[in-house]
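**Q** Sequence below, structure please.
(chains A and B)
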2 protein chains.
Amino acid sequence: VRARIVAVGSELLTPFHVDTNSLAITERLNDIGCQVVGKAVVGDDVVEIRRLVEAAIGAVEVLVVTGGLGPTEDDVTREAVAHALGLPLEIEEAIVDRIRRRFAMRGLAMPEINRRQAMVPRGAYVLENANGTAPGLCVEREGTLMVLLPGPPREMTPMLEAVIRDRLAPASGGMTLARRVVKVAGMTESDVDTVAQPVYGRWTSAGVPIETTILATLGQIELHLTARAADRAEADRALGTAASELQAVLGHAVISVDGRSLEAVVGDLLRAAFWRVAVAESCTGGLLTSRLTDVPGSSDYVDRAAVCYSNRAKTAWLGVPSTLIAEHGAVSEAVARAMAEGVRAEAGTEVGIGVTGIAGPGGGSAEKPVGTVAIAVVSDRETRVRTFRFVGAREQVKDQAVRAALNLVRRMLLGV
Amino acid sequence: VRARIVAVGSELLTPFHVDTNSLAITERLNDIGCQVVGKAVVGDDVVEIRRLVEAAIGAVEVLVVTGGLGPTEDDVTREAVAHALGLPLEIEEAIVDRIRRRFAMRGLAMPEINRRQAMVPRGAYVLENANGTAPGLCVEREGTLMVLLPGPPREMTPMLEAVIRDRLAPASGGMTLARRVVKVAGMTESDVDTVAQPVYGRWTSAGVPIETTILATLGQIELHLTARAADRAEADRALGTAASELQAVLGHAVISVDGRSLEAVVGDLLRAAFWRVAVAESCTGGLLTSRLTDVPGSSDYVDRAAVCYSNRAKTAWLGVPSTLIAEHGAVSEAVARAMAEGVRAEAGTEVGIGVTGIAGPGGGSAEKPVGTVAIAVVSDRETRVRTFRFVGAREQVKDQAVRAALNLVRRMLLGV
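**A** Predicted coordinates:
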């Protein structure tokens, strides 16, 4: 089964935005053995969209179009597809009612222009949108299934899942692609590859062949494993074995073999130990606690955090002696440790984390350049303190410091 | 002048890679007034590439193709273009010599397969590649200039510069495209469009025509304005006037007319007033403070923040009376206000912000469903408190609450 993907949106033709929806769509299509053979981006332009729809009919089995389903004049995907298929567009009152109820839930009246979103090419199948007003549409012609989805990922993703489950998977008949993501922290990309390549290099010619791609983001390496097999269970078995082989060579640098995020792993470990955590942040500005609390249910183990930009706050809230700051500097292992101990004592939690550093662009010195970050993790059993030198702009330094802190907590909780 | 861009490479059809070359190409084409009207990605597939080349001939004035010029069997861009144009491919010995010299410089013999890179569709113009072995090619047909460039950015970029300088800029007649982003908060996309469309609708036929696109993300609407004019100054002048017209109808819902983020605007306002801010967050888990401190230099006006997941922390650090929590509930305007007042008093800052809510997925009730967030902003002059009902998953609720809080601060600082 071959697919094309079209992303609609004039902003995607500027120097500022790339189409990223197609990545998630490709992943899910691959899951059911459907290969993406082409992608396109067009503006909110009825002629161009129509041209791409016409070119796909009869040429590929699946065409996924995202975007251009909003309520405004420049949302023209519905019109373009109706023109390409020679179908009239009709307002479906059931959809109007659904949109009206969505607005009513927020105490608002539906603006008249939102009626546009209820226009359906005659005979098309309507996909409900649980997270927005724009319904999706499915329509088939000459063996090509056209799937129109809204652009915002939050709306698009669950609708895509539904189409794949209800329409595409049953028709896919056989081979499946299954994926696993192995996440690694605290190693460079080349170090991971040096250790892992001899292992994953063998998999391409295995009974169930597995392709491996390494993806490096700041402070985290991901190994994406893709297995192709006759059924899901067989592919999953092969991926399970493969993940174990990687874990055997990479050791405790492996965060997770099931795609779980670092903050979710830390949360699971805290929950398992019945421990709660308190955080004292300076240069990360609240991002560490925000990341910890992105995990649903994290209120079970996150008690509180102090974001202390001023030294006064460090002294008043955390009891960090001003003499300690004067002696070692605000960015120092001594202060990171005092912050972690202070917030832990304040909150009465089992674990305390302290982060202090220079996110930049200002504030660096020869001795402590921008990117210098001291991190301390304390419990009643032990204290771990480390100083890092991160490179990159302000937001990158914050991000790397958060990952390093979470990884330090993870390793302490594991005792490794 | 209209352009299309095609990126060739099977890796660009996996879930892991996006085409980013097209962003740099778009930027340079826009500089000379050339608008990108479509982009495509295809694999190393001679039939698909040929199809895209044929579709572009006569339809657009410029077609830029990147990738597929390497020496291996799967690099088929040259063949595809030659087929599309019905031209024979001929080896140019001058190119072979150049490639051979490149290898010799590194003390290597040229592998025989690299002769493929010297194949040129008869009559095409050869673009030298200072950073690699693959030469680029230019060929014109029916008013369409086709430019073939290698994929690696280090090779592609200088060759693109050369083509633009030598071939495209002289033919462009000096038009330029300039852009502006107008950001709006606290209005729905439909409301913005209802008010703004009568204004921007007139611009398309103005002396300096301006195209407008509306981009809606959670809690923020962006209007992207693109002006086409003979020179940069004229385009910028027209955009300045246009931005003022939008501001006149949208009023204080406009955050910025120069692309500045909401947190940067809030920072500028705080700095201008010589005011500092302290934050008390619950459901946003530190994200509000992290966003505020993403702005370089924010340590000038951010003093501290308390992230209080436990009621105990709200009482101990912020002095929120436990009776108040018992009476109104932790998620209430009374508690948001007490948090804002408490942290402001603790820190001795001019402004205090309090945010308390239910990010979900758990914790909701019939009276206070998931997404309910109370936000208070206090100064010595006034107190503003509001309750919002956001929809979406945990991270979306956090994000919308952060934007709403920042917008509330912005409006209070502006006194509107």
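**Q** Please provide the alpha-carbon coordinates for the helix or strand of chain A with the lowest mean pLDDT, formatted as CSV.
**A** None of the helices or strands of chain A scores lower by mean pLDDT, DSSP states H and E than helix A:169-172, at a mean of 76. Once non-C-alpha atoms are left out, helix A:169-172 reads as follows in CSV (Å, rounded to 0.1, in the frame of the first residue of the first chain):
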residue,chain,number,x,y,z
ALA,A,169,-5.6,-1.5,9.2
PRO,A,170,-8.4,-3.9,8.3
ALA,A,171,-7.6,-3.5,4.6
SER,A,172,-3.8,-3.7,5.0
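**Q** and the helix or strand containing residue A:221, anywhere near chain B?
**A** Using DSSP states H and E, residue A:221 sits in strand A:220-229. Yes: contact between strand A:220-229 and chain B is present through residue A:224 (criterion: Cβ under 8 Å from any Cβ of the partner chain). All C-beta spots, glycine's among them, are computed from the backbone N, C-alpha and C.
**Q** Name the strands paired with that strand and say parallel or antiparallel.
**A** With DSSP bridges as the test, strand A:220-229 is paired with strand A:176-185 (antiparallel), strand A:210-217 (antiparallel).
**Q** So which residues make contact with the very next helix or strand once past the first one?
**A** Using DSSP H and E, the helix or strand that follows strand A:176-185 in sequence is helix A:189-200. By Cβ atoms under 8 Å, 6 or more residues apart in numbering or on different chains, the list of residues contacting helix A:189-200 from outside reads A:184, A:210, A:212, A:214, A:216, A:221, A:223, A:225, A:242, A:245-246, A:249-250, A:253.
**Q** which one of those is nearest residue B:164?
**A** Distances from those to residue B:164 were compared by Cβ to Cβ; the smallest belongs to residue A:216, at 32.1 Å.
**Q** Check the gap between the closest residue to the closest one other than its chain neighbours and chain B for me.
**A** Among residues not flanking residue A:216 along the chain, residue A:189 sits closest, at 4.1 Å (Cβ to Cβ, 6 or more residues apart in numbering or on different chains). For residue A:189, the distance to chain B (Cβ to the nearest Cβ, to the nearest Å) stands at 14 Å.
**Q** Provide the contact partners of the strand holding residue A:221 at residue level.
**A** A:30, A:33, A:175-185, A:187-189, A:192, A:196, A:200, A:203, A:208-216, A:235-236, A:238-239, A:242-243, A:246, A:255, A:262, A:403, B:16.
**Q** pull the CA atoms of it into PDB?
**A** What follows is strand A:220-229, C-alpha atoms only, in PDB (Å, rounded to 0.1, in the frame of the first residue of the first chain):
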ATOM      1  CA  GLN A 220      19.500  12.400  25.000                       C
ATOM      2  CA  ILE A 221      20.200   9.800  22.400                       C
ATOM      3  CA  GLU A 222      17.400   7.700  21.000                       C
ATOM      4  CA  LEU A 223      17.700   4.400  19.100                       C
ATOM      5  CA  HIS A 224      14.700   3.900  16.900                       C
ATOM      6  CA  LEU A 225      14.300   0.200  16.100                       C
ATOM      7  CA  THR A 226      11.900  -0.900  13.300                       C
ATOM      8  CA  ALA A 227      11.100  -4.600  12.800                       C
ATOM      9  CA  ARG A 228       9.200  -6.000   9.800                       C
ATOM     10  CA  ALA A 229       7.300  -9.200  10.400                       C
END
